[in-house]
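Asks: quick one, structure for this:
(one chain, ligands or ions: 1)
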Amino acid sequence: MKVVSERMRSFVVGFVFVLLLLIDCTAMLQTKETFNQQREEMVVQQIAGRDVTDKRVLEAMTKVPRHLFVFPGEERYAYEDRPLPIGHGQTISQPYIVALMTEVARINKEDVVLEIGTGSGYQAAVLSVLASQVYSIEYIEALGREARERLKSLGYNNVEVKIGDGYEGWPEHQPFDAILVTAAIDHIPQRLIDQLKPGGRLVIPLGGELENQVLRVVEKDSRGVISHQDIIPVRFVPFLGEHVKSR
Ligand code: SAH
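Replies: Reported below is the predicted structural model:
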């Protein structure tokens, strides 16, 4: 009798355990589905719904799970039409701005790209879907380390993150087909222009003050002649480092 009731008990415990596991899995699947759906809506409404038309960029934005790049606990805000804090006074840019910068940088499959301002690693992940290799530099050590780990654990194996001052570029890996700067600065660092390939594009939020920045695309043609075009007004966190202060 005792044996039977013990068997019964372990059966009930096992049954409840499996049931809980199933409920948990369903909840996880639902969340993943919800995020996928939110991401598709983000692309349709905020990105294609504005003026980004490059199919490859729209695909990359649909692929990269932005909710895994925000603060834990803030995932539910990840697909809103705005930047979000990522700690240390920094932000992950608004999805539309990430897409727009990627589009105007005209990234090709074979391109080697430099990003200044890794932050969460989100822009680097989007670039890595489109380019052959991405190098990204972050000034704040803790952010750089976290982004490096995050990118690695999510399988973005063609991104290398360095902690340092992006003002210098990354001489060992130059020249770059494209350079994206994701912090605002009141002048264009000459070293970044020097490290652009002929035919290369540099995308940079230009302007010192928060209120008065413009997204500029600088191009170096095949003869090395520089030209530029201003795209839209933007609001980026300021570029950090000695070179900025000492000017
Ligand atoms: N691209 C990021 C958002 C960047 S916010 C993302 O997708 O999440 C701007 C980042 O630029 C911040 O993380 C800031 O620390 C970094 N930054 C500022 N000045 C820098 C410099 N001189 N060199 C490298 N990174 C810098």
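
Asks: so, low pLDDT: which residues of the chain?
Replies: In the predicted model, the chain carries pLDDT under 70 at residues 1-4, 22-30, 245-247.

Asks: which stretches of it form strands?
Replies: Along the chain, the segments classed as strands by DSSP state E run 84-87, 90-92, 112-116, 133-138, 159-163, 176-181, 196-206, 213-220, 226-234.

Asks: turn the ones you listed into TSV, including distance to the ligand and mean neighbour count.
Replies: Where C-beta positions appear, they are placed from N, C-alpha and C, glycine not excepted. Below are those laid out as TSV (distance: least, CB to the nearest ligand atom, whole Å; neighbours: other CB atoms under 10 Å):
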stretch	distance to the ligand	mean neighbour count
strand 84-87	6	16
strand 90-92	4	20
strand 112-116	5	26
strand 133-138	5	25
strand 159-163	9	19
strand 176-181	8	26
strand 196-206	9	21
strand 213-220	13	18
strand 226-234	12	12
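
Asks: redo those as TSV? Include distance to residue 37.
Replies: Written out in TSV, the entries for the strands of the chain read as follows (distance: least, CB to CB, whole Å):
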stretch	distance to residue 37
strand 84-87	19
strand 90-92	20
strand 112-116	28
strand 133-138	28
strand 159-163	27
strand 176-181	28
strand 196-206	30
strand 213-220	29
strand 226-234	28
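
Asks: quick one, helices of this structure?
Replies: Secondary structure of the chain (DSSP state H): helices at 2-41, 55-63, 95-104, 122-130, 141-153, 190-194, 242-245.

Asks: please identify the most buried of those helices.
Replies: Highest mean neighbour count among the helices of the chain (mean count of other CB atoms under 10 Å): helix 122-130, with a mean of 25.

Asks: show me what from the chain comes close to the ligand.
Replies: Of all the residues in the chain, those in contact range of the ligand (CB under 6 Å from any ligand atom) are 90-93, 116-117, 119-120, 122-123, 137-140, 143, 165-167, 182-183, 237, 239-241.

Asks: how near is residue 207 to residue 239?
Replies: For residue 207, the distance to residue 239 (CB to CB, to the nearest Å) stands at 10 Å.

Asks: any shared contact partners between those two?
Replies: Both residue 207 and residue 239 are contacted by residue 184, under the criterion CB atoms under 8 Å, 6 or more residues apart in numbering.

Asks: tell me which of those two has more neighbours.
Replies: Residue environment comparison for residue 207 versus residue 239 gives the larger neighbour count to residue 239, 24 against 21, counting by other CB atoms under 10 Å.

Asks: I'd say that one and residue 182 touch.
Replies: No. In this structure residue 239 lies outside contact range of residue 182 using CB atoms under 8 Å: 9.5 Å.

Asks: shared neighbours, these two?
Replies: When contacts are counted by CB under 8 Å, 6+ apart, residue 239 and residue 182 have residue 117 as shared neighbours.

Asks: burial count for the closest residue to residue 35 other than its chain neighbours?
Replies: What sits nearest to residue 35 in space, not counting adjacent residues and going by CB to CB, 6 or more residues apart in numbering, is residue 67, at 5.1 Å. Around residue 67 sit 18 other residues, with neighbours defined as other CB under 10 Å.

Asks: tell me the contacts of residue 67?
Replies: Counting by CB under 8 Å, 6+ apart, residue 67 touches 35, 75, 78, 79.

Asks: and what of residue 92?
Replies: The neighbours of residue 92, taking CB under 8 Å, 6+ apart as the test, are 66, 69, 70, 83, 84, 86, 119, 120, 122.

Asks: so which of the residues you listed would you say is closest to residue 44?
Replies: Proximity to residue 44 was ranked across the contacts of residue 92 by CB to CB; first place goes to residue 66, at 14.7 Å.
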